[in-house]
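Peer 1: Sequence first, predicted model second:
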Number of protein chains: 2
Amino acid sequence: MTLTLVPVEGIPEVRPGDDLVGLIAERAELAAGDVVVVTQKVVSKAEGRLVEVDPEDRDARAELVGSEAVRILRRRGDLIMTETRHGFVCANAGVDLSNVEPGWAALLPVDPDRSARRIRDGLRARLGVSVGVVVSDTFGRAWRRGVTDVAIGVAGVAGVVDLRGRADALGRELAVTEVCVADEIASAAELAMGKASAVPVVVVRGVDPSWLREASVAGEVVRPHREDLFR
Amino acid sequence: MTLTLVPVEGIPEVRPGDDLVGLIAERAELAAGDVVVVTQKVVSKAEGRLVEVDPEDRDARAELVGSEAVRILRRRGDLIMTETRHGFVCANAGVDLSNVEPGWAALLPVDPDRSARRIRDGLRARLGVSVGVVVSDTFGRAWRRGVTDVAIGVAGVAGVVDLRGRADALGRELAVTEVCVADEIASAAELAMGKASAVPVVVVRGVDPSWLREASVAGEVVRPHREDLFR
């Protein structure tokens, strides 16, 4: 199947209380089965998840990170690798000073799956169209350089797709079978965003229809401690 | 920019010595600036990176994994988390029994960047078109469930893009700035492949032209031990 990744242009700077659904609905041409990828940054801004912090005050920044983290995993210089209360392992507990007004930081949404669901419900109410929604954020990884976008919340689209029991092309049962399509969709969308160009919404068209179902990142993607070999 | 992800249909089962470039060139409509994503599996098969192993013999499988790994990081049940001689951290040193003839396992290419370069050079010689090439494989991650496709080799397309010093939309310098576009391209392509349907090649059209340059996964993406907080 051919997929297309279409950036939604012209979304203005988002402020607390803004109608994010309206901003998207007015600019995106959506069809049933599309997946709308929205960056955490605009979701957090619309939800008012902003706090004042002096960017030059390292102690204040570290304190803010500490208040957003449930665990500090590693620390090197200004980088604090944390676990958030959502169970995400990421730098600085997701506290982000880029693409935010000077003197302010954006925090992660309290419940990114709920944020995704609200956008999905809002777009359906507004446009009469059922789409999947992914809230994406930019995380580093172990072992590999560079950041990639991942899903921190989903609605109406799978987190992890289980292919166990489906045969491969040679009729053998697949060994590696649980694919995190939500993260792959977030990464794909990032290719169409451009970090510095501030396109916060991308429409992904053509995903496998079987992936369009109720789901959550919290339930499917966050790896519980007991399963995790690296925490 | 709008991107499209076009699966290349009709590539037959690949065998050692097959002309992979020819198989792609006959079926893909390529334009300058496209990125061709090819799965490790068909690259390994064409390069003859296959060994016989009894899938029921756990000791023989573990021995094979051990011979392909330079380090065992973690072990749980049949899962052995390894570091390969390429510096990749992945399950079972990349030894893969799915989508391979029964009784055989596919090993990782010896030098996946060189594999990518050969495909790029071959497509240019054959079609007169300069494309980027990504050799992709399916890896698990720390902290998050499900596998995603990543780049194990690249040619003519960046591994990591450095946006340092470019201003964000509000004129502030970006904090998180090194994006692993190679992994994002691999993940995007996987969405168009479908694990069980055996489409081993996807054409990604529309990537930022500034990403099309000489590069390698070994040089840009593999995180050296001294930088790595999780190894």
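Peer 2: Received, thanks. Numbering: from 1, shown residues only, chains lettered A, B, ... in the order given.
Peer 1: can you pull the buried residues of stretch A:63-72?
Peer 2: By 16 or more other C-beta atoms under 10 Å in any protein chain shown, the buried positions in stretch A:63-72 come out as A:64-65, A:68-69. C-beta here means a position set from N, CA and C on the backbone, and glycine is covered the same way.
Peer 1: same deal with stretch A:104-124?
Peer 2: By neighbour count, and taking 16+ other C-beta under 10 Å as the criterion, the buried residues in stretch A:104-124 are A:105-109, A:111-120, A:122-124.
Peer 1: before we move on, what about stretch A:87-105?
Peer 2: By neighbour count, with 16+ other C-beta under 10 Å as the criterion, the buried positions of stretch A:87-105 are A:87-100, A:105.
Peer 1: same thing with stretch A:7-21?
Peer 2: Along stretch A:7-21, the positions that meet the burial threshold by neighbour count (16+ other C-beta under 10 Å) are A:7-8, A:11, A:14, A:18, A:20-21.
Peer 1: Domain ranges for chain A, per the record?
Peer 2: Here chain A is described, according to automatic domain parsing, as comprising the domains A:4-47+A:110-222, A:50-108.
Peer 1: of these, which approaches chain B most closely?
Peer 2: domain A:4-47+A:110-222 (2.9 Å; C-beta to the nearest C-beta).
Peer 1: Contacts for the helix or strand hosting residue A:24 next, please.
Peer 2: Following DSSP states H and E, the helix or strand that holds residue A:24 is helix A:20-25. Residues from elsewhere that reach helix A:20-25, judged by C-beta atoms under 8 Å, 6 or more residues apart in numbering or on different chains: A:8, A:11-12, A:14, A:36, A:38, A:42-43, A:46, A:118-119, A:122-123, A:126-127, A:201.
Peer 1: which parts of the helix or strand just after that helix are buried?
Peer 2: Reading on from helix A:20-25 to the C-terminus, the next helix or strand found by DSSP H and E is strand A:35-39. Applying a neighbour-count criterion of 16+ other C-beta under 10 Å, one finds A:35-39 buried in strand A:35-39.
Peer 1: when you check chain B, which of those turn up near it?
Peer 2: When those are checked against chain B using C-beta under 8 Å from any C-beta of the partner chain, none falls in range.
Peer 1: Now render the residues you listed as CSV, adding pLDDT.
Peer 2: Formatted as CSV, the buried residues of strand A:35-39 follow (pLDDT from 0 to 100):
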residue, pLDDT
A:35, 98
A:36, 98
A:37, 98
A:38, 98
A:39, 96
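Peer 1: OK, contacts around the residue most central in space within chain A?
Peer 2: If you average the C-alpha coordinates of chain A and look for the closest C-alpha using C-alpha atoms, centre = their mean, you land on residue A:136, 1.8 Å from that point. Going by C-beta under 8 Å, 6+ apart, residue A:136 touches A:37-40, A:149-152, A:186, A:189-190.
Peer 1: Need the residues that contact the longest helix along chain A.
Peer 2: Of all the segments of type helix in chain A, defined by DSSP state H, the longest one is helix A:112-127. Contacts with helix A:112-127, where a contact means C-beta under 8 Å, 6+ apart, come from A:20-22, A:24-25, A:30, A:36, A:38, A:40, A:43, A:47, A:86, A:109, A:129-135, A:152-156, A:216-218.
Peer 1: What segments of chain A are helices?
Peer 2: So, for chain A - with DSSP H - the helices run A:20-25, A:40-46, A:58-68, A:112-127, A:181-191, A:217-220.
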